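*Asks:* need the 3D shape of this:
(chains A and B)
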Protein chains: 2
Amino acid sequence: MTQSPIRFLFPRRIISCWNPAAAASRRHLSSSAPTFRAKFQLSPEQKKIMATLDTKTGQVVDRAVLDSMLRRRLFYTPSFEIYGGVSGLYDYGPPGCAVLNNIVETWRKHFVLEEDMLEVDCTMLTPHEVLKTSGHVDKFADWMCKDPKTGEIFRADHLVEEVLEARLKGDKEARGQKVEVDAEKEAKKKKKAKSEAIKLDDAVVKEYEQVLAQIDNFGGPELEQIIAKYDIRNPVTGGNLLPPVSFNLMFQTAIGPSSNMPGYLRPETAQGQFLNFQKLLEFNQQSMPFASASIGKSFRNEISPRAGLLRVREFLMAEIEHFVDPEGGKKHARFEEVKDVELTLLNRDVQLSGSTKTEKMTVGKAVETGLVDNETLGYFLARIQLFLLKLGVNPGKLRFRQHMANEMAHYACDCWDAELHTSYGWIECVGCADRSAYDLNVHKNKTGAPLVVRETRAEPLKIEEWQVDLDKKKFGPRFKKDGKTVEAAINDLTQEVREKLALDLEQTGKIEVEVADVAGGKAELDKDIIKIEKRTRVENVREYTPNVIEPSFGIGRILYSLMEHVYWYREGDEARGVLSFPPVIAPTKVLLVPLSTNPAFRPQLQRLTTKLRRLGVSSRVDDSSASIGKRYARNDELGTPFGVTVDFQSVKDNTITLRDRDSTKQVRASEDEILQALKSLVEGEETWEDILKRLPEFTGQEVD
Amino acid sequence: MTQSPIRFLFPRRIISCWNPAAAASRRHLSSSAPTFRAKFQLSPEQKKIMATLDTKTGQVVDRAVLDSMLRRRLFYTPSFEIYGGVSGLYDYGPPGCAVLNNIVETWRKHFVLEEDMLEVDCTMLTPHEVLKTSGHVDKFADWMCKDPKTGEIFRADHLVEEVLEARLKGDKEARGQKVEVDAEKEAKKKKKAKSEAIKLDDAVVKEYEQVLAQIDNFGGPELEQIIAKYDIRNPVTGGNLLPPVSFNLMFQTAIGPSSNMPGYLRPETAQGQFLNFQKLLEFNQQSMPFASASIGKSFRNEISPRAGLLRVREFLMAEIEHFVDPEGGKKHARFEEVKDVELTLLNRDVQLSGSTKTEKMTVGKAVETGLVDNETLGYFLARIQLFLLKLGVNPGKLRFRQHMANEMAHYACDCWDAELHTSYGWIECVGCADRSAYDLNVHKNKTGAPLVVRETRAEPLKIEEWQVDLDKKKFGPRFKKDGKTVEAAINDLTQEVREKLALDLEQTGKIEVEVADVAGGKAELDKDIIKIEKRTRVENVREYTPNVIEPSFGIGRILYSLMEHVYWYREGDEARGVLSFPPVIAPTKVLLVPLSTNPAFRPQLQRLTTKLRRLGVSSRVDDSSASIGKRYARNDELGTPFGVTVDFQSVKDNTITLRDRDSTKQVRASEDEILQALKSLVEGEETWEDILKRLPEFTGQEVD
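*Replies:* Presented below is the predicted three-dimensional model:
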């Protein structure tokens, strides 16, 4: 009944699932939330290490080893597995759920509480009209091809990749070149495009390689041409496919009993924040700048999700919308605090030159040189890095990649992704975009709601301008049905044109105004109908639409990448895995183990549990009959940072031992001293090295 | 653009929305989650206070006053309001979101951490087959009537109530009796059934009253009869309606690109826990009993949701599934700790006698007398009460109502709802049911997954039993195509029948077995084909399906009821509302107010903020130019329990004042003393009375 986990997760193959044609088709939405895109222009070296991961201790591990451990320890599990499962849906078991909660709590403290952000909780059900306005109904889609005979559906870009890669591989074989064998891929050979050893023309090889390199840039029409030109078919049956059609990635439903209110599950948490802008501004006592924040599930109906926790149909997001005055350079009051934070940056020019060479630079310098567009954006990049490092992310596997001009929405000023390196390559885990005033504007224009800031000017603004007066009594009868059109055309006249017309009017007593939609294309007005004068207008209130800086976090992706970063195994034994979560993130902080199942240990265990709870340190007792070594090994896999052993000496003299997960070293001291040490370790006030210096090391009974 | 909040929320009326015909139609599912049902057999007195609430200080307040305050302070707001809103969908603004998070955190500590429950996070998207098996696809429905002319849709039971109540009111008017006027209802007169002053026969009045009293018990056919018999029509147009049809309350969608995987948004969080039972048991090292827990959103597509936060289409639930051995009386190891907790109980016999008289009883006695079915159920009732009181629920407005036999699913042993009294009447906020082995069994039977516990018996079980042997070589040719049917019938024979047949076989050398599906209805077997002997079977492993005790919390309902319970206003001024949340639940714990906007106060405010953050006490600064009184009044409405004022003396001598929200009394002391007092107050170690005793009261500048 339990399927092979690998087969279940990756029905066809791994690499191409990361090729994000979606990013191209979602371009105008992409910065509104992580499009969960990763770069897959892989170098041959990168391809070689594909599906393996290098641990923090320099070991090279097959990803399957980690994956099997994570499932065995119930960090996660396919949803509905006893019903055969549904691809792209996963449940988090107790340790996964605890880490997820800890990440969310850390996020809330690091961002929401630290900066008094206004957290909101908006509904997932969203009516059609809202997502029509935001652009998701029209543009949030991928391209898919159907096999009319078998009914199978392929994501078009993935299919092109798969087939062309298989042909290139066959070509290599035919030329007698060594072909990298991917064990996982081979295991699923039946399900994927067969690579037959057929030699290709050199020119064809080059064409294929070019197509693969640009696959992100192709939309439906280009994919259709490529499929036709290279005769790409169903890899299994060889059957012809229908042309690619656009498939919207939102889950649709109907709200209420009659079907007249179509709705969707939100694809991001941002829209609810935009719609409530006015109320939030009022709650914030009209004070700018401010940020809202939201943590919750979003949904994307991926065509064929693969790659485990990295591409799923239901996922936890945390999004911040920081609203800022577009004037004055988008300064940030706390920029000073972060300006010396050094980031690893991959800028857009480097990428356009075909390289992925990063450079290290302080945020201060990045903003100063204009590489990062403004202080507020820079501030959040630094804060994102500090957050990720707090979680235990490997700083050597973190980079910030700038979006290239064609990746960004036309309205965005600048956009950076925090990417974490995993066995799947570089994975976008956090997006940070300056979305300008786009979102507030589209909703304001659609609904008429004043999603704007009104500020009394310290000094009233005096504006000299050319104003037009129309004598309505004469104007109406003169232009009849064309009246409104002509009036609109006049109102739209620029100051320059008005100035010129004023002169004409003075000199000739009449003017001609171009009006596209009336007969002759012109309207003639004389001075008893129109007056154009230079006057001074006084503006006491300034009204503007704030710009939005949007840091957007894919919590599930961060969790998975983090698990790869903190995973390693004990010297020489791949079966003894360890997850070195920092205490703040670890599912449980302390494991309590009695030496044996002897009831004599129970009172002290009970007391320790109660005391630890009072100190706010989560603990678990393992009083099973397994050896102490086995019990610790189990908790190394669960990432429990500390262990306390209660033995017969404890019962006598009230001393206990404290074990450090990473070094397996132990100290022995009185119960109170150990509890105090634990609190201090868990709250990050002391390190294990500090404890080793001040409490006596114990080299007794760690038994494997 | 902003609509009247009242009109928006309650398109027709308030009272009948609480009449839960849904509970009847969902009977067989009802204990799986709060069906959010409230009793509306109201006494005349209760009806009078309908739409008003009595505060903890004994004030009687129009609910609209509280509601307007909650919206103004952004505890909640209709979702998508700038698009006209969607009924039954609400967003939580910053204070609502904070209270919600605090309730969830308290729940997690009180239940999950306290008892080492296994928290899981399962997907909301759920494939059809799972909910078909659970019974939701067939039975999770309400009855609705459509007006074929206008296209309007009515929930059938609500409609019957509305029309009959209007007629009864008209009758009263015609008889010259005083009619209670509900201001809110009157304001919406146009939208609801008109009550014309028409006198009814006494017999008809009685019939109507009987129908209304039993409305919970009617299904579709009964509602159809009533609608025909009493000529119930569209209250506005007078048009005839189509007969009631069943409307499934789940939101449907399609998972994946082809429409071949229909799915739903989960209507409760329980199913994911049942499906993962086997893995959870393994995670728990095969140890029983244990509980899983889940916190997350669920969805119900209500036909016409009204009553604000109490009946919504998307809501936060927290559910526990406690798995227990059905043998041995379902004892609970920690029952002793709670047995003296006194509960207010409304038992089923009292309800059947037509009364709602409660009695106070300790959990210990309730279990001992059999009123509460077993210790585990009793344990959770007590724990639920302790949880609700921790949140600040008014103990005088909490009762536990036992389900009547016809309310419970046939498989359930016992079920109690924790109900909170609000201006809408008694509201079910937590359900606590013993669901027996139902859920695990249906999924086990459907999928074949072993959702069971296997326990090695301490003593092998020896069972003396009559066993049957068939000589397959002769049996097959003898019965040919009927072979399987006959064999199944023989295997199904009871021990008693086997014993009798063994005797027959011995005496006559042959027997006859009844087999319904073969010609003649009997199969004859002689002793060379069948042997029946008494033998001893030894069973080393016991296999059983655990029973489930399910406490299920509607977090949004608890939040709303709590807000009614803690609300009151300052003597003589309805405009000065206060929400007396306990510190642990309050959105913000401390308000920091400088005497004025003078920059001299800033360094100390900054220092206080930092120190409070280090103490884990959330605070906010209000340095707006409003008077101190106004700033405190605003924070009384937000439920902030403590306030600190920084004035010119503070700058000089480092003393600050601390204000208690509920009494508005203040003390003055050094910064360190006040901070220490705050920590102690927020952590519940001291009360305000304790502080008053040890720090000097300050009667200076509270300015209104």
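*Asks:* burial count for the closest residue to A:Tyr560 other than its chain neighbours?
*Replies:* Nearest non-adjacent residue to A:Tyr560, counting by Cβ to Cβ, 6 or more residues apart in numbering or on different chains: A:Leu309, 4.1 Å away. The way it works is simple: take the backbone N, C-alpha and C, and place the C-beta from them, glycine included. Using other Cβ atoms under 10 Å in any protein chain shown, A:Leu309 has 21 neighbouring residues.
*Asks:* wait, A:Leu309 sits on A:Leu559?
*Replies:* Yes - A:Leu309 is in contact with A:Leu559 according to Cβ atoms under 8 Å; the separation is 7.1 Å.
*Asks:* rewinding a little: what sits against the residue nearest to A:Tyr560?
*Replies:* A:Tyr76, A:Tyr90, A:Gly556, A:Arg557, A:Leu559, A:Tyr560 (Cβ atoms under 8 Å, 6 or more residues apart in numbering or on different chains).
*Asks:* so which of those residues is surrounded by the most neighbours?
*Replies:* A:Tyr90 (28 neighbours).
*Asks:* which residues does that one contact?
*Replies:* A:Tyr76, A:Thr77, A:Pro78, A:Ser79, A:Gly308, A:Leu309, A:Val312, B:Thr123.
*Asks:* those into TSV, with extra columns for pLDDT, distance to B:Val584 and secondary structure?
*Replies:* Putting the contacts of A:Tyr90 into TSV (pLDDT from 0 to 100; distance: Cβ to Cβ, whole Å; DSSP: H, G, I helix; E, B strand; the rest coil) gives the following:
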residue	pLDDT	distance to B:Val584	secondary structure
A:Tyr76	97	32	strand
A:Thr77	97	34	strand
A:Pro78	96	37	strand
A:Ser79	97	34	coil
A:Gly308	84	38	helix
A:Leu309	89	34	helix
A:Val312	94	34	coil
B:Thr123	97	31	coil
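*Asks:* of those, which pair is most distant in space?
*Replies:* A:Gly308 and B:Thr123 (14.4 Å; Cβ to Cβ).
*Asks:* circling back: so which of the contacts of A:Tyr90 comes closest to B:Asn276?
*Replies:* Nearest to B:Asn276 among these is A:Thr77, at 6.7 Å by Cβ to Cβ.
*Asks:* what residues are up against A:Tyr569?
*Replies:* With Cβ under 8 Å, 6+ apart, A:Tyr569 has these contacts: A:Thr55, A:Gln59, A:Val61, A:Ala575, A:Arg576, A:Gly577, A:Val578.
*Asks:* narrow those to those in strands?
*Replies:* A:Val61, A:Gly577, A:Val578 (DSSP state E).
*Asks:* near the residue in the stretch 501-650 of chain A that chain B sits nearest to, how many other residues are there?
*Replies:* Closest residue of the stretch 501-650 of chain A to chain B, Cβ to the nearest Cβ: A:Ser624 (5.5 Å). A:Ser624 has 15 neighbours, counted by other Cβ under 10 Å.
*Asks:* what does A:Tyr544 give?
*Replies:* For A:Tyr544, the neighbour count with other Cβ under 10 Å is 14.
*Asks:* and what of A:Tyr411?
*Replies:* 16.
*Asks:* same question, the one 3 residues further on
*Replies:* Neighbourhood size, A:Asp414 [other Cβ under 10 Å]: 20.
*Asks:* so for it, what's the pLDDT?
*Replies:* According to the prediction, A:Asp414 has pLDDT 92.
*Asks:* surely A:Val518 meets A:Val486?
*Replies:* Yes - using Cβ under 8 Å, A:Val518 is in contact with A:Val486, at 6.6 Å.
*Asks:* anything in contact with each of those two?
*Replies:* In contact with both A:Val518 and A:Val486: A:Phe479, using Cβ under 8 Å, 6+ apart.
*Asks:* within range of chain B, give me the residues from the stretch 401-550 of chain A.
*Replies:* The stretch 401-550 of chain A has residues A:His443, A:Lys446, A:Thr447, A:Gly448, A:Ala449, A:Leu451 near chain B, with proximity defined as Cβ under 8 Å from any Cβ of the partner chain.
*Asks:* and the last one, how many neighbours does it have?
*Replies:* Translated: A:Leu451. Neighbours of A:Leu451 using other Cβ under 10 Å come to 24.
*Asks:* now swap in the first one and tell me
*Replies:* Taking other Cβ under 10 Å as the criterion, the count of residues near A:His443 is 21.
*Asks:* got it, and the fourth one?
*Replies:* Here the neighbour count serves as a burial measure; for A:Gly448 (other Cβ under 10 Å) it reads 10.
*Asks:* how much space separates it from B:Ile82?
*Replies:* 8 Å (Cβ to Cβ, to the nearest Å).
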